[in-house]
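Just to be clear, the model below is a prediction. Sequence and coordinates:
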Amino acid sequence: MDHTTDVITKLLTESRVIAVVGLSPNPERPSHEVARYLQHHGYRIIPVNPAAAGTQILGEHCYATLTLAAAALAEQQLHINLVDVFRKSEAVGPIADEAIAIRANGLWLQLGVVNQVAIDKARAAGLAVVADRCTKIEHAARLMKMK
C-alpha cells in the first residue's frame with residue numbers, strides 16, 4: 001500500500017464528523033451527492049457554505065465558516081475530524097488555515113482541487129492530506145470491499 005492509500009484508508013475509517021466546505025443545497029451538485037452518500041454511510045456531515053449559512057442542508061445546520069462550525073460542535077462535545085473541500089484550488093489557502101486552527105485531523109481536496117502551498121502547510125501542521133480525490137469514490141472502492 002502506498003502512502004496516499006494509507007492516508008485515505010485512515011481518514012475514511014477514523015473520521016466520523018466531516019465538515020463539507022462548499023456543500024451546495026442543490027441535490028444535483030456533486031458536493032450534495034457526495035455528502036448525502038457519506039451521511040448514508042454513517043458519517044456526520046457538517047455543511048459549511050457562507051451563501052447557505054443558517055439554513056439546513058441534508059438535515060444539518062449550515063455554517064458560514066469552519067471556525068463557527070467547530071465552535072458550535074464543541075458545545076456538543078463533537079470535533080470535526082475531516083475537512084472535505086469542494087472549492088476552487090485558489091480558495092483552499094484560507095480553508096487549510098482554518099482546518100489547522102480548529103485542529104482537524106485531515107484535509108481532503110476533491111477531484112480537480114490541488115493547492116500545493118495549502119497542502120504543504122496543512123501537512124507541516126500535522127494534518128493528513130488527500131488532494132484531487134473524491135471521498136465517495138474512495139469510500140466505495142476501499143471500505144465497501146471490507147464489509
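Looks like it came in fine. Numbers count the residues shown, from 1 in each chain.

Poorly predicted segments of the protein, please.
1-3, 144-147 (pLDDT under 70).

beta partners for the residue nearest the centre of it?
Centrality entry for the chain: nearest residue to the mean C-alpha point is residue 84, 1.8 Å, by Cα atoms, centre = their mean. Residue 84 has these beta-bridge partners by DSSP bridges: residue 20, residue 108.

Would you mind confirming that it makes contact with residue 104?
No - between residue 84 and residue 104 there is no contact under Cβ atoms under 8 Å: 10.1 Å. (C-beta placed from N, C-alpha, C; glycine too.)

any shared contact partners between the two?
Common neighbours of residue 84 and residue 104, counting by Cβ atoms under 8 Å, 6 or more residues apart in numbering, are residue 19.

before we move on, the earlier item: residue contacts, the residue nearest to the centre of the chain?
Per Cβ under 8 Å, 6+ apart, neighbours of residue 84: 18-21, 34-35, 38, 108, 110, 135.

List only those of these flagged as buried.
Neighbour counting by 16 or more other Cβ atoms under 10 Å classes 18-21, 34-35, 38, 108, 110, 135 among these as buried.

State the next helix or strand along the chain beyond the helix or strand where residue 31 lies.
For residue 31, the host element (DSSP states H and E) is helix 30-40. The helix or strand immediately downstream of helix 30-40 is strand 44-48, counting by DSSP H and E.

how big is the angle separating that following strand from helix 30-40?
Computed by axes from the mean of the first three to the mean of the last three Cα atoms, to 10 degrees, the angle separating strand 44-48 from helix 30-40 equals 160 degrees.
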